[in-house]
Each structure stands twice: as C-alpha cells, then as structure tokens.
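Trainee: with the sequence up front, the predicted model follows.
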Amino acid sequence: MKEDNFSRRIQILREDVARKIAAGEVIDRPFSVVRELIDNSIDAGSKNIDVYIREGGMEEIRVVDDGIGMSVEDLELCYLSHATSKISNVDDIYRVKSLGFRGEALSSIATCSKLEIVSKRENDKSAHRLVVEGGKLISLEEASGKRGTVVSVSKLFFNMPARKAFLKSTSSETSMCRSSFVEKSLPFPEISFRFFIDGTMKDFLPEATLAERVALAYRQFLRPELLFSLEKAFDDMNFRIIGGEPSLARRDRRLLQVFVNGRRVNEYSLLKTIEWAYSRHVPGGYFPVCFVFIELEPSMADFNIHPAKREVRIRNINLVKNRLTVLIGDELSTRKRRPAVEGGNAGSGEEALFGGTRNILPRMAGYRPSSQGKVGGGGWKESIYISRHVEGEKNGADERDREDVAERSFTYLGQVFGVFLAVQYGEHFYLIDQHAAHERIIFDELMSKEYSAQELLFPIHIVAEEEEVKAMEERLKDIEELGIVMEKVSEREYDITAMPEDLLLLDEKEIVGFIKEARGSRDEVKREIMDTVACRMAVKEGDPLDPVTAVELIEKTFGLDDARCPHGRPVWFSISREELYRQVMRR
C-alpha cells in the first residue's frame, strides 16, 4: 500500500457524494426502483397498480397507481433527504404499519436518475408535475392527470458510471424486475397489478383470494388444486399460509417464501422451520412449496437492520416458529393420500404420485386374498387376481359393500426392474416401490409398539464429550422410554446394558451415534431411530418377491394411512386408464 494512503486527513464528504453513497445502499439495480415504487403505491391505498419497464428498467421504469395522490406541498418535499409523512420521532419507527413512506426511497432514486412525478388528490383542481435530475429540482408545475400518482424513472445511474457498469444483461435485469413485481403483489391480493415489458403486458394479477394470487403469479410451476390454505389468528400475531402438496417439492427454495408484515424477508430460522414441518412428507434434497404471510404488531418486528428491509429481527421468534410448525404439521397430517378407486380421478403428472384427490379408498377392516391363475417367469403374461372383502357388522356386510366388492379388487401383474410391484386397481395402474412401501409398513408397526428392554450379553460402552454428556442427560428419560437402559460409569462414560430386540439390527456405532446426537421431543427421538430400523428391516431394491409375499405387501400398502416412506418419498405412482390412453393417443 502506498504511503500517501496513510497520510490522508479525515474530511467531511460533500453533500452530493454522501447522497450518492446513501442512494447506492437502497437502489442498487433497476428492480430496487420497482420494489420501492410499488411499496409507495400500496401505502397510498391504491386499488390498481401498473408497472412499465423498458430495456430492463435502464431506459425507463414507470409505476402508475390510483392511490390518494400528493399535494403540491408534498411534491416540493418528497424527493429531499429524510422527507417522510409517516414518522416524526425515532420511537415512531416501531409503530409504523406501512411498507415504507412516500419519499423514503424517492430521495435515493432522484439522486441517481431523472425522476418525474405527476400526482393529484381527489379534491385538487389539477395535478402537478415534479421533475428532478441528479437530485436537483428542474421544475414543479401544473399538469393534467387524474387522481393517483405516476412516477417515471429514466437515465438510471447516469451519474454513477461505476454502478451502471456492473449491471447485467437486459434480459437478466428484466427478470429481476418481474420477480420484484410478483413478490410485492403476493401479500396484497385485494389489489390488481399489471406488468408491462417494452409496451407489452406480460402479467395481469386481478383482485383475488390469496391462494388464487399465488397460483396465478407462479402459474408455470403451480396447479391450484395442489395448494391448500391455512389462516390462524392469535392475540399477538396472524398467519396466512398457502402450502403446496408434498408432490410439488422442488430442488430449490424458489417457492419457499416468508413475508412479515407485507415484506418478503430472508429469515433463515423461519425458512428452516417450514422445511422441518414438511420433513416427514418431502424426500431429502427437496424443498417444499410454501408461502407464509405473518402479521405481527410493529413493535415485535424490527426491519431497520437492513436498508432494503430484506431482513427482520423478531421478538419472541421461538413462539412464531412453534406456532408455524404446528399449523403446517397438523395440516399435512390430515392430508395423507390413499389410492383412488374405480371412478376416481388420479389426474396426471405429479398429482398422480399420490393416487388423486377424489374417491379416497375407505379403510378395509380385513382382507381375504384368493389367488387365481399363475405368475409366469416374466410376471407380465399371467397375473394373480386378488379380491378384498369388507368385514361387516355383526349382522354382516351391508348391501352396498357387497355390491362394491368387485370394484375393490386389484390385479398383481408382476415385479418391474426388481424395484416396483405393478398393480391394476380399478381404473388405475400403480407402480408400488417395494422398499418404500415395506419401510412405511414396518415403521408404523414400530411406532405403535410398547418397548421392553432385553438384557445385552455384552454392554455397549459410550465415551462422550462434555457437551454430549449434557445433551444425553437431558434426553435420558426419552431414551429409557424406548427401552434403552443406560448406566453411568463415570462423568463421561456410560454402558448400555439392555435394549429392545428390534434395535439389535443396528450396529454399535449407529446406536452410540443416535444416543449422542438425537434431538427434539420424545416422539421425534423415537421417529429418528425407528426410521433407521425400518429401513434395515424392509425388502431392498432388487430383492425378488414371490407372488404371495408381493400380494400381502400390496394389500398392506393400500391400507396405509400415509402413502409415504418415513423419509418423505411417495410409496407409489399411479396413472388412470384415461391418462394412459391419452399418452398413447388411443381413443
């Protein structure tokens, strides 16, 4: 480093330099302008908001609203630093319920662009036009216009060439502007939004319900019938949740979004909470589709830790997370899918993974399989026909059940690739993952059992670190309820002297690791270890199954309450006769 870098004296920056630096914290790309202007329009009580961009926002960004508008006195001040209509002292920051306040970002925008605002209030005789360039007032005069505000931003970063040089391609900047538009529209489905690119309307989001708004905004990824809505109000917070069925799970978190008081936030702990709530229903490596909208008292959420309000500090965040986990978890638990019977509609695509949404199969009280024919070596030329009969009440099955027996039968066609069991059931064709299905069946049985300890011939010795000892002591009661008996040998040493027979399938390293690392409630601790045990006990990929064993597995699979393995993978894939005919263009 050169010597003169150390010898420079401290100085006060010129006002124009300081304003450009401050502007760069709020306005870093064209989409930042879109974000801030839409916030202003929403706060103005608008019912219709139109956004126009040209050349990715570099040529022009124009936002038109029908809000309350601004007076000429407001226009004189709105572009100046620290101009606001929402607060008068520092304490007001923690009581503001708006997204921002008109003028908060206008100063930053005016500093690095040519800004033009035409605005009119309901009872004003005429509108007024304000023109500011590079932070300097050019003109303020009467103009024609209707109630509301039109804000036009052009020549963005004309006086900040370094910032302009780091912008991306026109298509990339356009995409980011559209993403910002969609993001801002989601929490406000009562407002109509339109988005125009180079004069052509690309998005129209009319007034709708929250679920309809989400589905329409992401129509290329979502199907409305695969979304569910939740709404729950507490004394100090409200939740609105638009969740996706587990079949919509993605490899990225793009459609996992959290909004607090109308602002999208990157609050890692809340995102992880949603993932945890879905963890029993979504396979590892996938992320759920879920949009969570949380309304808190302004005093509970501090957005002033980030210039663009992308982060938030929440008081009582553990309470927020706990409520969120319960709401989503309970809803998913009540939406477990069962196979569709004849006449049902399994649909197509990912929905078919779960056997459809209508005519869900009633749980059978008992099964009486009977074989007809033989299974050939290939498993496809000949089949085994299995009929399932419903056990009646004391006086026998009712007439309707007897009439439906024929519909409640399936045909086992054979094993495919040593992994799947092929089944024709009613008007649907199923491929059942033999390992996933068997794993879920075993897991359910293990979770319902009461465990008793079996004494070990040779105790399993555990040496733990200081932090591990503390965690183990806290979970000792939960571990003992699983039938695992531990004796303390020294401050950091334990012996496992007894455990349930089922756990003997695990090796010592796995058992010790579980004891040291298991986290959560007693049920979560139990789930964690039974996941592993069930996986060990289940038939594996490539294991050949004789017809009788396959049929028994199919029967139990169709009787499952939750058609997913313990790790969240679907147990079967199904396709209806109608969809299959369409795929091969057969009428």
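Mentor: Ah, there it is. Residues are numbered from 1 along each chain as shown.

Trainee: can you count the residues close to the closest residue to A44 other than its chain neighbours?
Mentor: Leaving aside its sequence neighbours, A44 sits nearest to G67 (Cβ to Cβ, 6 or more residues apart in numbering; 2.8 Å). The C-beta positions use only the backbone N, C-alpha and C, and glycine is treated the same way. Under the neighbour criterion other Cβ atoms under 10 Å, G67 is assigned a count of 21.

Trainee: how about K516?
Mentor: 17.

Trainee: chain center to the helix or strand containing it, what's the gap?
Mentor: K516 is located in helix 508-517, with elements delineated by DSSP states H and E. Distance of helix 508-517 from its chain centroid, counting by Cα atoms, centre = their mean, to the nearest Å, is 32 Å.

Trainee: for it, enumerate the helices and strands it packs against.
Mentor: strand 454-463, helix 466-481, strand 493-499, helix 522-537 (3 or more Cβ pairs under 8 Å, 6 or more residues apart in numbering; DSSP states H and E).

Trainee: so which of those comes closest to V419?
Mentor: helix 522-537 (15.2 Å; Cβ to Cβ).

Trainee: so the closest one versus helix 466-481, what angle?
Mentor: 80 degrees (axes from the mean of the first three to the mean of the last three Cα atoms, to 10 degrees).

Trainee: point out where this structure drops to low pLDDT.
Mentor: For the chain, the stretches flagged by pLDDT under 70 are 1-26, 82-104, 303-311, 336-408, 518-521, 587.

Trainee: surely E295 touches M237?
Mentor: Yes - counting by Cβ atoms under 8 Å, E295 does reach M237; the two are 6.5 Å apart.

Trainee: would you convert the helices and strands packed on helix 508-517 into JSON lines that also reports distance to V151?
Mentor: As requested, those are exported to JSON lines (distance: least, Cβ to Cβ, whole Å):
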{"stretch": "strand 454-463", "distance to V151": "66"}
{"stretch": "helix 466-481", "distance to V151": "56"}
{"stretch": "strand 493-499", "distance to V151": "68"}
{"stretch": "helix 522-537", "distance to V151": "51"}
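
Trainee: could you dump these to a markdown table with mean neighbour count and distance to Q424?
Mentor: Formatted as a markdown table, those follow (neighbours: other Cβ atoms under 10 Å; distance: least, Cβ to Cβ, whole Å):
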| stretch | mean neighbour count | distance to Q424 |
| --- | --- | --- |
| strand 454-463 | 13 | 44 |
| helix 466-481 | 14 | 44 |
| strand 493-499 | 18 | 43 |
| helix 522-537 | 18 | 28 |
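
Trainee: F291: which of the ones you listed is closest?
Mentor: Nearest of the helices and strands packed on helix 508-517 to F291, taken as Cβ to Cβ: helix 522-537 at 25.7 Å.

Trainee: only alpha carbons, please: show that closest one as CSV.
Mentor: The C-alpha coordinates for helix 522-537 follow below in CSV (Å, rounded to 0.1, in the frame of the first residue of the first chain):
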residue,chain,number,x,y,z
ARG,A,522,-39.6,-38.0,22.7
ASP,A,523,-41.7,-38.7,19.5
GLU,A,524,-39.0,-37.1,17.3
VAL,A,525,-36.3,-39.1,19.1
LYS,A,526,-38.3,-42.3,18.5
ARG,A,527,-39.0,-41.5,14.9
GLU,A,528,-35.3,-40.9,14.2
ILE,A,529,-34.2,-44.3,15.4
MET,A,530,-37.2,-46.2,14.0
ASP,A,531,-36.6,-44.6,10.6
THR,A,532,-33.3,-46.4,10.5
VAL,A,533,-34.6,-49.7,11.9
ALA,A,534,-37.4,-49.8,9.4
CYS,A,535,-35.0,-49.2,6.6
ARG,A,536,-32.8,-52.1,7.7
MET,A,537,-35.8,-54.5,8.0
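
Trainee: next, the buried residues of the helix or strand following it.
Mentor: Following helix 522-537 in sequence order, the next helix or strand is helix 547-558 (DSSP H and E). By 16 or more other Cβ atoms under 10 Å, the buried positions in helix 547-558 come out as 547, 550-551, 553-558.

Trainee: got the domain boundaries for the protein?
Mentor: Recorded structural domains for the chain (assignment: automatic domain parsing) are 15-159+186-198, 210-333, 345-587.

Trainee: most packed of those domains?
Mentor: domain 15-159+186-198 (a mean of 19; mean count of other Cβ atoms under 10 Å).

Trainee: that one: how far from the chain's middle?
Mentor: 32 Å.

Trainee: stretch 177-188 too?
Mentor: With Cα atoms, centre = their mean, you get 16 Å for stretch 177-188.

Trainee: what's that stretch in contact with?
Mentor: 30-32, 34-35, 38-39, 42, 51, 53, 56-57, 61, 191, 193, 195, 197, 202-203, 205, 210, 213-214, 217-218, 257, 259, 262, 264, 291, 293 (Cβ atoms under 8 Å, 6 or more residues apart in numbering).

Trainee: quick one: E493 and I460 touch, right?
Mentor: No - assessed by Cβ under 8 Å, E493 is found out of contact with I460, at 11.6 Å.

Trainee: what's the separation between I317 and F514?
Mentor: I317 sits 29 Å away from F514, going by Cβ to Cβ, to the nearest Å.

Trainee: let me redo that: E207
Mentor: 53 Å.
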